[in-house]
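**Student:** Pasting the sequence and the predicted model now:
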Amino acid sequence: QVQLVESGGGLVQAGDSLRLSCAASGRTFSNFGMAWFRQAPGKERELVAATTWSGFSTYYADSVKGRFTISRDNAKNMLYLQMNSLKPEDTAVYYCAACVRRDGNYGTRVEQYDYWGQGSQVTVSS
């Protein structure tokens, strides 16, 4: 089992920055690919950013490229998402997710992730 707990969400204005954190426990964090997903009301959950076990390879959705940065600290069992230049369309619940079946690589689909956090609300006002 893996437990994931997100923190750092909140209400901000357009153009502001936020940093989401995800604390992992239960299994060897450095073995997993990790990702951030988001889900806005009435929309499907979508992949925002992902990283391999080492953090050397990352993926970003086109909508966040150049604005968001995913990173991890395996010594602290932590995953982060730095979000800059936030837009109202970034408003969503953000979820941390762990992929334990792909030998440390990340997946790009929801069904490839085995463990999820409870979600953290990010609201960006215009």
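**Tutor:** Good, I have the coordinates.

**Student:** For the spatially most central residue of the chain, name its beta-bridge partners.
**Tutor:** In the chain, the residue lying closest to the centroid (C-alpha atoms, centre = their mean) is Trp36, at 1.9 Å. Beta bridges link Trp36 to Ala49, Cys96, judged by DSSP bridges.

**Student:** residues touching it, list them.
**Tutor:** The contact partners of Trp36, taken as C-beta atoms under 8 Å, 6 or more residues apart in numbering, are 20, 22, 47-50, 70, 79, 81, 94-97. C-beta coordinates here come from the backbone N, C-alpha and C atoms, glycine included.

**Student:** let's go with 6 Å and repeat that
**Tutor:** Shown in contact with Trp36 (C-beta atoms under 6 Å, 6 or more residues apart in numbering): Val48, Ala49, Leu81, Tyr94.

**Student:** Which two among these are spaced furthest apart?
**Tutor:** Farthest-apart pair in the contacts of Trp36 is Ala49 and Tyr94; separation 10.1 Å (C-beta to C-beta).
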